[in-house]
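1. for reference, the sequence and a predicted model appear below.
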Amino acid sequence: MGLSKQALAQRTSNFFVPAEEAPHERTFMQWPVSRKVYRDQIFLDMVQQTIAEIANAISAFEPVTMLAAGKHHADARQKLSSSVELWDVPTEDLWCRDAGPIFVIDNRGGIAVTRIQFNGWGRKQVHKHDARIAAKVADHLGLPLLPTGLKGEAGGVEQDGHGLIMAHESSWVNENRNPDLSRNEIESRLLAAYGADRMVWSDGVWGEDITDYHIDSLARFTGPGRVLINLPDEPDVDDPFHVAALDTHDRLVAEGLQVEVIPEPNRRRVNDPEFVASYANYYICNGGIVMAQFGDRETDEIAQMALARHYPGREIIALNVDVLGELGGGIHCATQQMPVA
């Protein structure tokens, strides 16, 4: 199936999503508030504190805009650095990678927001406000909103900014997101949305976590055709995520990409089997990397050294973000970059 008219128009506009390591104008984040999502106030306070710590760390490198309804600004300000800006954009949850705006540029000073419609990871969670965030940010900035005809999340696709993207099928070719689209049509629309010309698919895992296995907690592009992937030292063949991770690794190698493996933590502070302990879920900002540490000195150090090799000259900040791992995500999931046009 060929490109839709919307996707074709977007591709021919020369807009593309630049590499995440390219210069940023700012970082966007979302303030979590929904008691339908966070029924325990103590845990919500912990989550908000962690989001504030991430925002404060990034604000040492570049401007940070926190999205939150005006009525929550006073509470948020108590935790946020004075350098973090607050915008009156209502939110429910914190996952700005998924609900927030995806910015595209054209190398001629043009910038726009490409719209992949967030639907609560396939209608799994309340998203009355979060589904509108991308459009509200585009409107606030006076930017065009480019449609894609896709439902999904930016955490479900990785791009190198040089024409290559990768994704797990489970996050896209799924009845809960794009029931009327074939994989070929989804691929065409993703390529158009990101301004890319080549895509690597692997299977992923359907229905075992809220994201249907977002790729950004497993593998990240660190340069053109170069990937850093987080794998267990001793994979469990009965664990669908381990099996899928190994498959993704093999697919990337078979595609001729340069793939470096770093281990998952062997010892960690949280022992819940549902806990996401991903070193790959880091965030790149101007002059810095904000990464997770899990309390395993050996693997924390291995991950930090790998990031230092892949991103030379950047200061690396390691944070305890265990509450995000308990929720199934990490630092990258909570952030969204606005590139310099």
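-> Thanks, I have it.
2. so where do the helices sit in this structure?
-> In the chain, the helices defined using DSSP state H lie at 5-11, 41-58, 73-79, 96-99, 120-123, 133-141, 183-194, 240-254, 297-310, 322-327.
3. for the record, mean pLDDT for the first one?
-> Read that as helix 5-11. Helix 5-11 shows a mean pLDDT of 47.
4. over to the fourth one?
-> In this model, helix 96-99 has an average pLDDT of 98.
5. which strands and helices lie in contact with it?
-> Under the contact definition 3 or more C-beta pairs under 8 Å, 6 or more residues apart in numbering; DSSP states H and E, helix 96-99 sits against strand 24-30, helix 133-141. Every residue, glycine included, has its C-beta placed from N, CA and C.
6. contacting residues for residue 68?
-> For residue 68, the contacting residues are 30-31, 33, 76, 86-91, by C-beta atoms under 8 Å, 6 or more residues apart in numbering.
7. buried set for stretch 261-273?
-> 262-265, 268 (16 or more other C-beta atoms under 10 Å).
8. now, these that are in strands?
-> 262-263 (DSSP state E).
9. before we move on, the earlier item: which of the helices and strands packed on helix 96-99 sits closest to residue 178?
-> helix 133-141 (17.1 Å; C-beta to C-beta).
10. what's the local residue count around the residue nearest to residue 32 when sequence neighbours are not counted?
-> Nearest non-adjacent residue to residue 32, counting by C-beta to C-beta, 6 or more residues apart in numbering: residue 94, 4.1 Å away. Neighbour count for residue 94, taken as other C-beta atoms under 10 Å: 29.
11. and the gap between residue 94 and residue 58?
-> Distance of residue 94 to residue 58, computed by C-beta to C-beta, to the nearest Å: 14 Å.
12. please apply the same query to residue 76.
-> Distance from residue 76 to residue 58, counting by C-beta to C-beta: 15 Å.
13. same check on residue 301?
-> 22 Å.
14. what about the two, which has more around it?
-> Per other C-beta under 10 Å, whichever of residue 301 and residue 58 has more neighbours is residue 58, with 27 against 12.
15. which ones are touching the more buried one?
-> So residue 58 contacts 27, 64, 283, 285, 288, 290, 335 (C-beta under 8 Å, 6+ apart).
16. one more pass at 7 Å, please.
-> With contact set as C-beta atoms under 7 Å, 6 or more residues apart in numbering, residue 58 has these partners: 27, 64, 283, 285, 290.
17. can I get those in JSON lines including pLDDT?
-> Shown next, in JSON lines, are the contacts of residue 58 (pLDDT from 0 to 100):
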{"residue": "27", "pLDDT": "98"}
{"residue": "64", "pLDDT": "98"}
{"residue": "283", "pLDDT": "98"}
{"residue": "285", "pLDDT": "97"}
{"residue": "290", "pLDDT": "98"}
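18. hmm, residue 334 and the residue nearest to residue 32 touching each other?
-> Yes - between residue 94 and residue 334 there is a contact under C-beta atoms under 7 Å: 5.3 Å.
19. and residue 14, what pLDDT?
-> 89.
20. how about it: what's its closest non-neighbour residue?
-> With sequence-adjacent residues excluded and distances taken as C-beta to C-beta, 6+ apart, residue 14 is closest to residue 106, at 4.7 Å.
21. for burial, what's the neighbour tally of that neighbour?
-> The burial count for residue 106: 14, using other C-beta under 10 Å.
22. same check, this time on residue 256
-> 9.
23. any idea how far it lies from residue 200?
-> Residue 256 is 10 Å from residue 200, by C-beta to C-beta.
24. low-confidence stretches in the protein?
-> 1-13 (pLDDT under 70).
25. same thing but at 50, please
-> 1-12 (pLDDT under 50).
26. was I right about residue 57 contacting residue 292?
-> No - using C-beta under 7 Å, residue 57 makes no contact with residue 292, being 11.7 Å away.
27. more crowded one of these two?
-> residue 292 (26 against 19).
28. which residues touch the nearest residue to the more buried one once chain neighbours are set aside?
-> In space, not counting the residues next to it along the chain, residue 292 is nearest to residue 321; the distance is 5.0 Å by C-beta to C-beta, 6+ apart. Taking C-beta under 7 Å, 6+ apart, we find residue 321 in contact with 50, 54, 292, 330-331.
29. tally up the residues packed near residue 249, please.
-> Residue 249: 18 neighbours (other C-beta under 10 Å).
30. surely it meets residue 228?
-> No - counting by C-beta under 7 Å, residue 228 is not a contact partner of residue 249; they are 11.2 Å apart.
31. in stretch 280-298, what's buried?
-> The neighbour-count check on stretch 280-298 (16+ other C-beta under 10 Å) flags 280-286, 288-294, 296 as buried.
32. in strands, which of the residues you listed fall?
-> Using DSSP E, the buried residues of stretch 280-298 in strands are 283-285, 288-292.
33. noted, bye for now.
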